[in-house]
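Visitor: A predicted structure for the sequence below; I have some questions about it.
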Amino acid sequence: MANVIPDEVLKISKSLENNGFEVYPVGGSVRDLLLKKEVKDWDLTTNAKPEQVLEVFPNGFYNNNFGTVGIPWNQGVVEISTYRTEQNLTPTHKPDKVSWGKTIEEDLARRDFTINAIALKPTAIESNKPQSFEIIDPYKGEDDLKKKLIRAVGDPNQRFKEDALRLLRAVRIATELEFKIERQTWEKIKEDAKLIEHISGERVQAEILRILKSKNAYDGIMLLYDSGLLKYIIPQLI
C-alpha cells in the first residue's frame with residue numbers, strides 16, 4: 001500500500017502511541033482507503049478515554065456522550081473515538097448506555113456494516129517510505145468490498161433494532177458506492193422499515209439529500225421504494 005494516510009493524521013496517531021495508547025484508523029475512512037477513493041474524513045479509534053485524549057491534544061474538543069474527541073488539522077477535523085460498547089433499548093440512533101471497551105474487536109462488533117468494521121494497524125510508518133498495515137477485519141468486510149455487498153455486522157435483526165438510521169444508511173451507502181445489499185440484510189430492512197419513524201427528521205433529511213446528490217439517485221429512490229422505507233419517509237410519493 002502506497003503512502004495514503006496524511007502525515008498530520010499519522011502524527012496524531014503517533015502522539016497517542018507515544019503516550020502508551022492503542023490507536024487505529026477505522027470505519028468509513030478505511031473503507032474508502034481500500035476502495036482507493038478519496039478520504040475526506042479521518043476516523044481513529046483508541047483505548048484512551050476522552051479525557052486522556054484531551055491531555056495529549058489540549059486543542060481538541062469534546063462535547064458529546066459517545067467518546068469522540070475532535071482534533072483540528074489543516075483539512076478539517078480528525079475524530080478520535082474511544083473503544084466502546086453500546087446498549088440500545090430503542091432504535092432512536094442514541095444509545096441508552098455507552099460503556100468504554102477494552103479491545104479493538106469489541107469496538108468493531110458494535111458497528112453497522114462489515115465494510116465499516118475494518119481497522120488498520122500500522123506496522124511500518126517512516127517518512128518517505130511506503131506505509132505498511134495489518135488489516136483487522138473480523139467480519140470479512142474486505143471480502144464484501146470486493147463483492148460490492150452491504151452486509152450487517154452479525155445479526156441484522158439486532159443491528160437495525162439498535163439504530164433504525166442504519167436502515168437508511170444501508171440504502172445510501174449502496175447508492176453512493178453502487179453496491180448491492182446482501183439478501184438477509186435486505187430482508188430485515190424491509191421487515192423493519194417502519195422503525196425509521198423513530199429517527200429525527202433532521203437525520204433522515206441528511207441521508208436523503210446524500211442519496212439525491214448521488215449520480216445514482218434514481219436507483220437510490222427505487223431502493224427506498226422497494227424496501228418500504230419511502231412510505232414512512234415521504235408518503236406523498238407512494
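Guide: Received the coordinates, thanks. Residues are numbered from 1 along each chain as shown.

Visitor: mind listing the strands in this protein by residue range?
Guide: Counting by DSSP state E, the chain forms strands over residues 23-25, 43-46, 68-73, 76-82, 84-87, 97-100, 119-124, 132-136, 149-150, 180-181, given from the N-terminal end onward.

Visitor: So what's the gap between the second one and the chain middle?
Guide: Looking back up the chat, that one is strand 43-46. Taking CA atoms, centre = their mean, to the nearest Å, one finds strand 43-46 lying 11 Å from the centre of the chain it belongs to.

Visitor: Strand partners (parallel or antiparallel) of that strand?
Guide: When sheet partners are counted by DSSP bridges, strand 43-46 sits next to strand 23-25 (antiparallel), strand 76-82 (parallel).

Visitor: looking at this protein, which helix or strand is least sure?
Guide: Lowest by mean pLDDT, DSSP states H and E among the helices and strands of the chain is strand 84-87, with a mean of 73.

Visitor: And the residue nearest the centre of this protein?
Guide: To find the centre residue of the chain, average its C-alpha atoms and take the closest one (CA atoms, centre = their mean): that gives residue 27, at 4.3 Å.

Visitor: who are the neighbours in contact with it?
Guide: Neighbour list for residue 27: 43, 45, 111, 116-118 [criterion: CB atoms under 8 Å, 6 or more residues apart in numbering]. Where you see a C-beta, it was placed from the backbone N, CA and C, and this is true even at glycine.

Visitor: one step back: could the strands of the chain be laid out in a markdown table, adding distance to residue 189 and mean neighbour count?
Guide: Written out in a markdown table, the entries for the strands of the chain read as follows (distance: least, CB to CB, whole Å; neighbours: other CB atoms under 10 Å):
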| stretch | distance to residue 189 | mean neighbour count |
| --- | --- | --- |
| strand 23-25 | 28 | 24 |
| strand 43-46 | 24 | 23 |
| strand 68-73 | 27 | 19 |
| strand 76-82 | 26 | 19 |
| strand 84-87 | 20 | 14 |
| strand 97-100 | 25 | 14 |
| strand 119-124 | 26 | 16 |
| strand 132-136 | 27 | 14 |
| strand 149-150 | 10 | 22 |
| strand 180-181 | 7 | 18 |
